[in-house]
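Asker: Got a predicted structure plus its sequence, pasted below:
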Amino acid sequence: MNSLGNRSEPTHLGRVAYLPEEGTAIICSDLHGNIGDFEALLARSQFIERARAGEAISLVITGDVPDTARHHFFDRSVPNNGDSQILNVLMKLDQEFPNQIFYLEGNHDFHVVRLTRDVESFHKEFAPLELCHNEDGSLNLKILSDFLDDYRGQFGELLYRNNIAPYDMLTRATQTELDYISSGPILAVLPAAKIVITHAGPVKTERYSCPEEIVSTIQELDRDTLFDGTHEEYYQSPFHQLLNHRFPDKDYTLDDISTFLKAFQANVMITGHTPLGYLGTEEQSNFPNCKIVNNLGWIGQQQGILCTSFGALRRETKAYLEIDLARPIHSLENLRPGIEVRLLHPIENTGSVEA
Ligand SMILES: [Mn+2]
């Protein structure tokens, strides 16, 4: 029963994108401004060359391109504005290959947009909105710094460090970039491959009375209602859950994964968001039902955590996925190293070179 499936064109129903039933999808997670890894992804996958040659190939980015400071701390090669650099390439690719680029929203995308709105409403009390922005729509830095001083004064250093400091793209995001990171899908469905992709994890499923209700709720997710609600409503919302949930934090259960997947008639969920080091090492798991197999984090048998850039154990374990959209994936075991799971920086000339 895949009435939504279309052999060659994607379908969008609200915030859910249904990819075609044939062709290829390249999946990449959490770049956080690592332009070097993004360039390696394009080079390894040959995405641009293949798309220009007319191949039915899609690129799915699981969000969290924004914010570079924390990534720069671990990897000095990540430039301060690497997020803008990557987004600008993605927007150009989107124009060249409409219907082939899927940028899913992550928690960092969400918060950069949210904080920009907070700065605007803070500023509105003092002066006209136009003065809040530079010509490209980025925030006026004097106004931003007034907002940050006020926030620190009101809520203290700890909340500032948790709720604002991680979202450093706030200081440079242009209106075009903000529009791009907030307008894509929140969930991608690969109907024939039987995979769903989202930023972090499934929703808590117990409050839904039937699978159709899960699907329609995700399709109808709306940022504006979320901004109008209370903090409590935000934390309870499925929007927040898809973008922030972590299995090791007990935000959801294995049953939630399977109920969620059944609603979308899929077998496997792919996400980014949780750094693999949090789950453990290749040898030892930190949590029940979590392990790392062939550079993919496994949550039970049905959720795979992909670390293409930020959150990978090491540079040489960074991985992306190449999925045949027509081939059903039944469980994580069907994601084979070197075929579906591909290394971003394979070590050449050692016998471990990929095909
Ligand atoms: Mn994230």
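Answerer: Noted; the coordinates are in hand.
Asker: I'd guessed residue 267 sits against residue 195; true?
Answerer: Yes. The criterion here is CB atoms under 8 Å, and residue 267 meets it with residue 195 at 7.4 Å. From N, CA and C alone the C-beta is placed, and that goes for glycine too.
Asker: Return every residue with contacts to both of those two.
Answerer: residue 329 (CB atoms under 8 Å, 6 or more residues apart in numbering).
Asker: which stretches of the chain aren't confidently modelled?
Answerer: Scanning the chain for pLDDT under 70 picks out 1-6, 349-355.
Asker: mind saving the C-alpha coords of the top helix by length along the chain as PDB?
Answerer: Ordering each helix of the chain by length in residues (DSSP state H) puts helix 141-163 first. What follows is helix 141-163, C-alpha atoms only, in PDB (Å, rounded to 0.1, in the frame of the first residue of the first chain):
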ATOM      1  CA  LEU A 141      25.800  42.700  15.700                       C
ATOM      2  CA  LYS A 142      25.200  45.600  18.100                       C
ATOM      3  CA  ILE A 143      21.600  44.600  18.500                       C
ATOM      4  CA  LEU A 144      22.600  40.900  18.900                       C
ATOM      5  CA  SER A 145      25.100  41.800  21.600                       C
ATOM      6  CA  ASP A 146      22.400  43.900  23.400                       C
ATOM      7  CA  PHE A 147      20.100  40.900  23.300                       C
ATOM      8  CA  LEU A 148      22.800  38.500  24.600                       C
ATOM      9  CA  ASP A 149      23.700  40.900  27.500                       C
ATOM     10  CA  ASP A 150      20.100  41.100  28.400                       C
ATOM     11  CA  TYR A 151      19.700  37.300  28.200                       C
ATOM     12  CA  ARG A 152      22.700  36.700  30.400                       C
ATOM     13  CA  GLY A 153      21.500  39.300  32.900                       C
ATOM     14  CA  GLN A 154      18.000  37.700  33.100                       C
ATOM     15  CA  PHE A 155      18.800  33.900  32.900                       C
ATOM     16  CA  GLY A 156      22.500  33.600  34.000                       C
ATOM     17  CA  GLU A 157      25.600  32.200  32.400                       C
ATOM     18  CA  LEU A 158      24.600  28.500  32.600                       C
ATOM     19  CA  LEU A 159      21.400  28.900  30.600                       C
ATOM     20  CA  TYR A 160      23.300  31.200  28.200                       C
ATOM     21  CA  ARG A 161      25.800  28.500  27.600                       C
ATOM     22  CA  ASN A 162      23.200  25.800  27.100                       C
ATOM     23  CA  ASN A 163      20.500  27.700  25.100                       C
END
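Asker: Looking at residue 267 and residue 195, which is more packed in?
Answerer: Neighbour totals were compared for residue 267 and residue 195, and residue 195 leads with 29 against 20 (other CB atoms under 10 Å).
Asker: Name all residues that make contact with the closest residue to that one other than its chain neighbours.
Answerer: Using CB to CB, 6 or more residues apart in numbering and skipping the chain neighbours, the partner closest in space to residue 195 is residue 268 (5.1 Å). Each residue near residue 268 by CB under 8 Å, 6+ apart is listed here: 194-196, 261, 302-304, 329-332, 334-335.
Asker: do the same with residue 160
Answerer: Counted by CB under 8 Å, 6+ apart, residue 160 has contacts 148, 151, 152.
Asker: Please produce CSV containing those residues, extended by neighbour count and distance to the ion.
Answerer: Compiled in CSV, the contacts of residue 160 are given as follows (neighbours: other CB atoms under 10 Å; distance: CB to the ion, whole Å):
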residue, neighbour count, distance to the ion
148, 18, 22
151, 18, 22
152, 14, 24
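Asker: Dump those residues into JSON lines; add distance to residue 249 as well.
Answerer: Converted to JSON lines, those look like this (distance: CB to CB, whole Å):
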{"residue": "148", "distance to residue 249": "28"}
{"residue": "151", "distance to residue 249": "26"}
{"residue": "152", "distance to residue 249": "27"}
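Asker: And those, which is closest to residue 222?
Answerer: Of all the contacts of residue 160, residue 151 has the smallest distance to residue 222: 26.0 Å, by CB to CB.
Asker: Against residue 158, how distant is that closest one?
Answerer: Plainly put, residue 151 is 12 Å away from residue 158 if you go by CB to CB, to the nearest Å.
Asker: quick one, strands of the stretch 251-355 of the chain?
Answerer: Using DSSP state E, counting those that start in this stretch, the strands of the stretch 251-355 of the chain run over residues 268-271, 290-293, 296-299, 303-305, 319-324, 341-343.
Asker: Could you pull up the residues touching the residue in the stretch 151-300 of the chain that the ion sits nearest to?
Answerer: Proximity of the stretch 151-300 of the chain to the ion (CB to the ion) peaks at residue 273, 3.9 Å away. By CB under 8 Å, 6+ apart, the contact set of residue 273 is 29-30, 62, 64, 106-107, 199-201, 243-246, 305, 311.
Asker: now the strands: where do they sit in the stretch 51-200 of the chain?
Answerer: 57-61, 101-103, 187-190, 195-198.
Asker: Deepest-packed of those strands, please.
Answerer: Most buried of the strands of the stretch 51-200 of the chain, by mean neighbour count (mean count of other CB atoms under 10 Å): strand 195-198, with a mean of 28.
Asker: after that strand, next one along is what?
Answerer: Once strand 195-198 ends, the next helix or strand along the chain (criterion: DSSP states H and E) is helix 211-219.
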